[in-house]
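Asks: Would you be able to build a 3D model of this:
(one chain, ligands or ions: 2)
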Amino acid sequence: ALAVSLRGVTKTYDNGVMALGPFDLAVRKGEFISLLGPSGCGKSTALRLIAGLSAASSGTVRMSRHEGPAQIGHGIGFVFQEPTLMPWTSVRENVRLPLKLGGIPKAEGRARADAALASVGLADFANAFPRELSGGMKMRVSLARALVTDPDILLMDEPFAALDEITRFRLNNDLLALWRSLGKTVIFVTHSVFESVYLSQRVVVMTARPGRIQADIRIETVEPRG
Ligand code: ADP
Ligand code: ADP
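Replies: Residues are numbered from 1 along each chain as shown. Ligands and ions are numbered 1, 2, ... in the order given. Below is the predicted model of the structure:
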């Protein structure tokens, strides 16, 4: 079954910049794919179209459960390059926010936030404030916030690009373990060849702007996955 499909999608911004396409992509449920390409080729644009944060200029974007693009918090989890945490409230409340916005009662929201924090290794940090955390830990909080609604699809936009290499590698390993245990569809945007090949089952290489698909490569692994 398909999780996401894009057909003949193009995006031209109001300022006339042709950012994407025509772009065709079908992602199967449970797949972990990377979008790899040079800066400015339209990777973030593609992700924002899938997330429903921006409308395609032409073509269609379909999600398995929805007609048209889905919404963050409704089947989609989004992790931005910047963790974008609210500084004045606790880690638990930051993670609970999408549930609060979705009208989930406070007690249930807190329990689910704590479970999401545990899944990213931050069980002991629910009462901490974002400023007390390292960059890697903030990114883990951001990941927990994306997972707390139990989305079908996790979209990640160069999430680890600002982290030091060791922290980044730890997060790569933990993300892989999460993917194996949760069985979510992941679309991961990166300009790191290493990261794309290490993490994904499939690497979609994009051309320079306007981004089209240059190659769609299946990564064979020796150890069983999934
Ligand atoms: P990538 O994620 O691959 O770096 P983006 O999707 O962010 O690429 O951007 C693709 C192109 O579209 C770039 O030239 C960028 O400057 C332009 N662009 C991105 N967002 C906007 C916007 N909101 N308005 C106008 N141009 C934009
Ligand atoms: P992460 O390990 O989350 O990728 P960092 O490597 O930047 O982030 O961590 C910086 C500091 O925070 C280190 O001293 C590390 O031991 C500590 N730290 C990170 N995660 C945890 C955790 N889950 N529990 C306790 N300390 C942690």
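
Asks: Could you list the low-confidence segments of the protein?
Replies: Counting by pLDDT under 70, the ranges of the chain that qualify are 65-74, 222-226.

Asks: all helices of it, in order?
Replies: Using DSSP state H, the helices of the chain run over 43-51, 91-101, 106-119, 135-147, 165-182, 193-199.

Asks: what sits against the closest residue to residue 170 other than its chain neighbours?
Replies: Sequence neighbours aside, residue 136 is the residue nearest to residue 170 in space, at 6.9 Å (criterion: C-beta to C-beta, 6 or more residues apart in numbering). Yep, even glycine has a C-beta here, placed from its N, CA and C like the rest. Residues counted as contacts of residue 136 (C-beta atoms under 8 Å, 6 or more residues apart in numbering) are 163, 167, 170, 171.

Asks: Would you mind checking those for buried ones?
Replies: Buried members of these, counted by 16 or more other C-beta atoms under 10 Å: 163, 167, 171.

Asks: Leaving aside the residues adjacent along the chain, what's closest to the second one?
Replies: Same thing as residue 167. Using C-beta to C-beta, 6+ apart and skipping residues adjacent in sequence, the residue nearest residue 167 is residue 136, 3.9 Å away.

Asks: Relative to residue 200, how far out is that neighbour?
Replies: Residue 136 is 21 Å from residue 200, where distance means C-beta to C-beta, to the nearest Å.

Asks: what residues does the protein put near ligand 1?
Replies: Neighbours of ligand 1 within the chain, by C-beta under 6 Å from any ligand atom: 13, 15, 17, 19, 37, 39-45, 209.

Asks: Max pairwise distance over the contacts of residue 136: which two?
Replies: Pairwise distances across the contacts of residue 136 (C-beta to C-beta) peak at 9.0 Å, for the pair 163 and 170.

Asks: Give me the subset of the residues of the chain next to ligand 1 that lies in strands.
Replies: Taking DSSP state E as the definition of strands, the residues of the chain next to ligand 1 contribute residue 19.

Asks: what's the closest of the residues of the chain next to ligand 1 to residue 215?
Replies: Distances from residue 215 to the residues of the chain next to ligand 1, taken by C-beta to C-beta, are shortest for residue 37, at 10.3 Å.
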